[in-house]
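Novice: Sequence first, then the predicted structure, then my questions.
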Amino acid sequence: MLEQSRLRDYEARCTQESAPRCRLSCPLDMDVRGFLAAMAASRPAEARKLIERHLPLPGVLCAVCDHPCEDSCLRRDLGGALSISELERVCLASVSPQTRILPRPAKKQRFAVLGAGLAGLTAAFDLGRKGFPVTVFDTDRSSALLSSFPCLPADAVGREWQDMEKNRVSFQNSDEAVFYSEDAARAFLATLEQDFDAVFADLSRLPLSLEAEALDPLTLHWQGKVCAGGHLDTTPTGALYASASRQAGEGRRAGITLQRIMGGVSLDAERDDDRQSRLHVDLKNVPSVPRVLPAAEAWTPEEAAAEASRCLQCSCMQCVKECVYLQKYKEFPRLYARRLFSNATVVKGTRTTANVVMNGCAMCGQCEVICPEHFSMADLCLEVRRDAVSRDVMPDSAHAFALEDMEQACGPDSAFLLEDSSLPDGTHAPRLFFPGCQLAGSRPRQVLAMYEWLKSALPGGLSLYSTCCGIPAHWAGREAVFEEHSAELCRQWEACGRPEIIVACSSCKSTLRLALPTARIVSLWEMLDELMPEVPSFEAMPSRFTVQDPCGARHDSAWQKAVRSLASKAGAELVEPVRTREATACCGYGGLVWNAQPELADDMTGKRAQDFDGPVLTSCIMCRDRFAATLENEGESWHLFDILPQTAGLAPEKGDPGLSSRRAGRAALRREALGAEGEVGEAGGTFSLRISDDVLASLERQFILRQDALEAVQGIEATGMKFRDRETGHFLGSWRPRRVTFWVEYRADEDGGFTLLRAWCHRMVVPGAIQPSTEIVMEKRIRA
Amino acid sequence: MALDPEFKPDHGDWLCAVCNVPLEQLKVQVFYMNSAFDVVLPRCPQCGMTLIPESLANGKMAEVEALLEDK
């Protein structure tokens, strides 16, 4: 079961939801980014609503604000900070108030504010809006503000008072002595403390000499039921001035404390003084744009919109920009984490798209490298997949084909361990070549040729072990399957004398490290680079390649270096794509997304292929085959085997060999390597089923193998349970060898063979379409 | 969530090759992940052998499978 604390760990690593610097530098938490977006879109009414929602006394504050937001603006060094304060004034001047004052029912608790400075009036404004009657005491309603801010238009204060009175904020004259005698002020505060539920003292108005430490900086609580704030600042030369934003901010903070004093609850619980923005904003490639200044004294709406549209609309999204999977659901890792965790804890009901989100990740690790906080979608999705498997809610269809493929690659048709026959009985070679199941499937002849060459070049002999490393089970979250397979690998490795392992696939390398933690594992490319001081050039090779690092080798600089070194020695000029080495992008094979969501995997391949300038050279056969299927000229996708002298001439002609051929390739490697010993049964016998390339391609898109179709036609012909088309004489039948039903439409040829015309499949159980079984089994979710 | 009630073959005039009779549109109950649905499908009226057209398998059936898997 996933722990909520894990969710917090994940969430903390994604800063996309953190407020931008402008907002956090505003003591009133103004949504500056939203305001500027509305202004840029020429929607000043919407912009004004945001001002009215966030700022107290908007008419006053916008006129006098010292706008710390502008100091923190990231445009500062890219053309100049946005004219935020100016745009707020333009906005207020261009549209009438957007919020109707609807007084709340009066509450019985009452508050007093002593001093009608900006802090005092902000506290009164906020409390009044919440329905608390507030009484403001001063000698005059507006002179306090006007003396602090002489530029303030006189009527601005009056208009704010009209609004505040609707919210039950009243004014009461008090004795002038309170504002010049400390004793009188203290005495008056003591009376107010008795008459009201809580009191705010505006220090810009009162002659109180407070010890600095007397005031709690977070809550502004002073003593008893009294909060204080809003003092004037002193410049380095000793002049007094008022920071409007700080004073208003303190008034707001004190207003919250007053309510807590009244309610008798903790004053500082759940309050945070941290106003540092954690949001990462990538400023690379952001062009400088100069400030827009009004041509005349007043701003035109167009000028205001142009200035507002200089706002960078700060956000992170660095990983999302690079990944089609992250883009697909229009969210970012923090929200994905939340969505996946909440889906995992839902007991019943639709897990809205949880499966597609968790199974759409290629687990390639690119986001972790790009993210300044190293958020890993791979870790997140793996954890959630394992959880889904353990709770038995992982859909069978997501990874069934890949797991069957793994089973085949590890099974008797394909897997084998060949010890070096030139060694005396009872001795083992010091090294073992582990080509990996996909390379063995796509390039059996090259694998064998490389094995023979390595055997001759390395002293002491060499074993060959062809099987799957187990990464499909790992990616699928099937820990039990992975562990069982690891144990088998370990048994075989120990049986052949714990040799050093030479791998040709970066996924195998990382997986074998998990399965055989004590084994020494080295890449084939490093080995070859060491063994071959010179590499003869392959004549048919392009002179220039873009080099694609497989995602499994993103943190393996020795791997990357050896690949480049070998290609350079062979005479190739190498070009680095954008996002290379540790930031390389996945070809779409990773994480089994090719099985769970083939269209998304194709989008990944297509996106990455756009980064290539001319032919691409990879050291991973799945990268090679996927790009071969995507690139317009399939001949432009090259594997390192295709340029190395041991293997270059043996490359197959076709682009992507496909699923059926890869299975056949693995079996062929076994037969070739073991000779007569490698024969297993009469695979297919003499039964002939013709399948055109087009039909085979359509089959493979549906994860139907040539072998599946062959067995289906064979099985149907054996039982005779089929349909016949009266018009064409075609046959149609179904075959359900496992949890999937295959349908094959075919015709009988004159020579006794058959031709497959089309095939399709489904997982539902349909009575009357279940052969070779004879009874219907209600299918349940499969167990791991 | 339900399958549309009736599906016919995409093409062809199919006979049951075992019973040598034309297929009829008959009600069948199909199952997946602890759910069952009534669907009218081309079926042999004698032996009950049932035909699932390609358009149904790759269309509505695939959709419902995905929905049930997400439940």
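Specialist: Sure thing, it's come through. As the structure is a prediction and not an experimental result, all values here were calculated from the model.

Novice: Report how many residues lie close to the nearest residue to residue A:523 once chain neighbours are set aside.
Specialist: Distances taken as CB to CB, 6 or more residues apart in numbering or on different chains put residue A:559 closest to residue A:523, at 5.0 Å, once the chain neighbours are dropped. Quick note: C-beta positions are derived from backbone N, CA and C, even for glycine. For residue A:559, the neighbour count with other CB atoms under 10 Å in any protein chain shown is 24.

Novice: all helices of chain B, in order?
Specialist: Remark: helices assigned in chain B by DSSP state H are B:54-56, B:62-69.

Novice: of all those helices, which lies closest to chain A?
Specialist: Taking CB to the nearest CB, helix B:62-69 is the member of the helices of chain B nearest to chain A, at 3.3 Å.

Novice: starting at the chain centroid, how far to that closest one?
Specialist: Distance, stretch centre to chain centre, for helix B:62-69: 15 Å (CA atoms, centre = their mean, to the nearest Å).

Novice: List of residues touching it?
Specialist: A:350, A:355, A:395-398, A:762-764, B:1, B:3, B:32-33, B:35, B:37 (CB atoms under 8 Å, 6 or more residues apart in numbering or on different chains).

Novice: residue ranges with poor pLDDT in chain B?
Specialist: Low-confidence regions of chain B, defined by pLDDT under 70, span residues B:1-4, B:71.

Novice: residues touching the residue nearest to residue A:523, list them.
Specialist: So residue A:559 contacts A:506, A:509, A:523, A:525-526, A:549, A:553, A:619 (CB under 8 Å, 6+ apart).

Novice: just curious, which of those is nearest to residue A:80?
Specialist: residue A:549 (40.8 Å; CB to CB).

Novice: any residues touching stretch A:610-620, and which ones?
Specialist: When contacts are defined by CB under 8 Å, 6+ apart, stretch A:610-620 is touched by residues A:505-507, A:525, A:542, A:544-550, A:552-553, A:559, A:563, A:567, A:572, A:574-575, A:577-579, A:585, A:587, A:609, A:624, A:627, A:631, A:635-640, A:643.

Novice: Strands - which of the contacts of residue A:559 land there?
Specialist: residue A:523 (DSSP state E).

Novice: Save the contacts of residue A:559 as JSON lines, and put in neighbour count too.
Specialist: What follows is the contacts of residue A:559, written out as JSON lines (neighbours: other CB atoms under 10 Å in any protein chain shown):
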{"residue": "A:506", "neighbour count": "24"}
{"residue": "A:509", "neighbour count": "24"}
{"residue": "A:523", "neighbour count": "24"}
{"residue": "A:525", "neighbour count": "27"}
{"residue": "A:526", "neighbour count": "18"}
{"residue": "A:549", "neighbour count": "27"}
{"residue": "A:553", "neighbour count": "25"}
{"residue": "A:619", "neighbour count": "28"}
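
Novice: farthest-separated two in the contacts of residue A:559?
Specialist: Largest pairwise distance in the contacts of residue A:559, by CB to CB, is 14.3 Å, between A:526 and A:549.

Novice: For the most centrally placed residue in chain A, which residues are in contact?
Specialist: Nearest residue to the geometric centre of chain A (CA atoms, centre = their mean): residue A:333, 3.8 Å. By CB under 8 Å, 6+ apart, the residues touching residue A:333 are A:10, A:13-14, A:16, A:319, A:326, A:367, A:371, A:375, A:377, A:380.

Novice: which one of the residues you listed has the most neighbours?
Specialist: That'd be residue A:377 among these, by other CB under 10 Å, with 30 neighbours.

Novice: Please report phi then psi for that residue.
Specialist: Main-chain torsions, residue A:377, degrees, to the nearest 10: phi -70, psi -30.

Novice: So it is in contact with residue A:367, correct?
Specialist: Yes - in terms of CB atoms under 8 Å, residue A:377 counts as a neighbour of residue A:367; the distance is 5.1 Å.

Novice: Next to chain A, which bits of chain B? Give me the list.
Specialist: B:12-18, B:23, B:28-34, B:41, B:43-44, B:48-52, B:54, B:57-58, B:61-62, B:64-67, B:69-71 (CB under 8 Å from any CB of the partner chain).

Novice: What subset of those is buried?
Specialist: Neighbour counting with 16 or more other CB atoms under 10 Å in any protein chain shown marks B:12, B:14-18, B:23, B:28, B:30-33, B:41, B:43-44, B:49-52, B:54, B:57, B:61-62, B:64-65, B:69-70 as buried within the residues of chain B next to chain A.

Novice: any low-confidence regions in chain A?
Specialist: Within chain A, the ranges that satisfy pLDDT under 70 run A:212, A:347-353, A:634-635, A:654, A:676-685, A:777-784.

Novice: which stretches of the stretch 351-500 of chain A form helices?
Specialist: Counting by DSSP state H, counting those that start in this stretch, the segments of the stretch 351-500 of chain A that form helices are A:354-359, A:366-370, A:377-390, A:396-410, A:437-442, A:444-457, A:471-475, A:479-495.

Novice: At which residues are the strands of chain B located?
Specialist: B:14-16, B:24-32, B:35-43.

Novice: next one: the stretch 651-784 of chain A
Specialist: For the stretch 651-784 of chain A, strands defined by DSSP state E, counting those that start in this stretch occupy the ranges A:689-690, A:723-725, A:731-738, A:740-748, A:754-762.

Novice: Mean neighbour count added to these, as TSV?
Specialist: What follows is the strands of the stretch 651-784 of chain A, written out as TSV (neighbours: other CB under 10 Å):
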stretch	mean neighbour count
strand A:689-690	17
strand A:723-725	20
strand A:731-738	20
strand A:740-748	22
strand A:754-762	21
